[in-house]
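Visitor: model the structure of this input:
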Amino acid sequence: MKDSALASSSRLGGAVISDRVVASLLEELRTGRYARCDRLPAEVDLAAELGVSRTVIRDALSEMERAGYVERVRGIGTVVNRSVLNLRSRLDQKLEYYPLIRSFGSYPHADGIQVYPIRAGEELAHNLEIEPGDEVICIKKRILADTTPVIWSVDYLPKALFNGRDYTRIDLTGSIFDILERECHQQISSNVAHLKASCGDEAIRSAMRLAPGEAMLLLDEVCFNRLCKPVMRSLSYYTNFFDFSILRKLL
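Guide: So this is what the prediction gives:
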């Protein structure tokens, strides 16, 4: 495990350290020293191995438990759920198009990108907590896995997030999460998603090369920053290229 990297990150703050501990532990559970283990070592031993405090280890394990990768059982220890660990496309976690497509062994890229302003109608204004008629930037693109269209994406960002900057001079072709952080200084911390079956309109069906009668999975999401303010509405149409899972924790 990359102990020196973890130790050097201690200057960046507890949240960053625990995030890196989580990433390292997941890597070790999947392909490293714990790949055949049904439970993790005790907190004190993990802290010594990684050169971090037990508080950091405790925070990391709490995050892993919330995500369903482990369960901490009194008198037994930290038990690994390998079925959850091996899931690659979970709807209950942050979905980024490119890493998701790579996990299926394909090359992700986008085409047909359209960026233009619109005026918010009643519904969109309500979603984004802005006034009807306020300007919103609409970003549409088709995402492909190799040469196969797999996602039709539509994102709506309040123009005010750009603080008067000329959005036409900004590269809006990459990850929308990266764009929000880099250009608008907004970090998405949560979202509310509605799942629906959708046939899409004729333009979408043509772009996605759908067979007659073939439907898509539509994720209609409103994304919130760390201050619990909505900063984006996103419509993502997924084809049956994907096999999604949802973890439901009952305790």
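Visitor: could you find the closest non-adjacent residue to Arg102?
Guide: Pro108 (6.2 Å; C-beta to C-beta, 6 or more residues apart in numbering). In short, each C-beta sits where N, CA and C put it, glycine included.
Visitor: what's around that neighbour, how many residues?
Guide: 18 (other C-beta atoms under 10 Å).
Visitor: let's have the chain start at 45 instead
Guide: Done: numbering now begins at 45, and the last item shifts to Pro152.
Visitor: need the contact partners of the helix or strand harbouring Glu167.
Guide: Assessed by DSSP states H and E, Glu167 sits inside helix 166-172. Helix 166-172 is contacted from outside by 164, 175-178, 180, 200, 202, 266, 274-277, using C-beta atoms under 8 Å, 6 or more residues apart in numbering.
Visitor: which of the residues you listed count as buried?
Guide: Using 16 or more other C-beta atoms under 10 Å as the burial test, the contacts of helix 166-172 include Ala164, Val180, Tyr200, Pro202, Val266, Pro274, Val275, Met276, Arg277 as buried.
Visitor: in which helix or strand would I find the last one?
Guide: Spelled out, it's Arg277. Arg277 belongs to strand 274-282, assigned by DSSP H and E.
Visitor: any idea how far that strand is from the chain center?
Guide: 12 Å (C-alpha atoms, centre = their mean, to the nearest Å).
Visitor: now do the closest residue to Tyr142 other than its chain neighbours against Leu294, distance only.
Guide: Leaving aside its sequence neighbours, Tyr142 sits nearest to Pro152 (C-beta to C-beta, 6+ apart; 4.3 Å). Remark: distance between Pro152 and Leu294 (C-beta to C-beta, to the nearest Å) = 34 Å.
Visitor: try Gly112
Guide: Distance of Gly112 to Leu294, computed by C-beta to C-beta: 11 Å.
Visitor: try Val123
Guide: Going from Val123 to Leu294 by C-beta to C-beta gives 16 Å.
Visitor: compare the two (neighbour count), which wins?
Guide: Remark: of Val123 and Leu294, Val123 carries more neighbours, 14 against 3, as counted by other C-beta under 10 Å.
Visitor: secondary structure element for that one?
Guide: Counting by DSSP H and E, the element that carries Val123 is strand 121-124.
Visitor: which other helices and strands does that strand contact?
Guide: Under the contact criterion of 3 or more C-beta pairs under 8 Å, 6 or more residues apart in numbering; DSSP states H and E, strand 121-124 touches strand 83-84, strand 114-117.
Visitor: looking at those strands, which is closest to Arg226?
Guide: strand 114-117 (32.8 Å; C-beta to C-beta).
Visitor: now what about that closest one, what contacts it?
Guide: With C-beta under 8 Å, 6+ apart as the test, strand 114-117 has contacts from Leu84, Leu105, Met108, Glu109, Thr122, Val123, Val124, Asn125.
Visitor: excluding its backbone neighbours, what's nearest the first one?
Guide: Spatial nearest neighbour of Leu84, chain neighbours left out: Thr122 (4.2 Å); criterion: C-beta to C-beta, 6+ apart.
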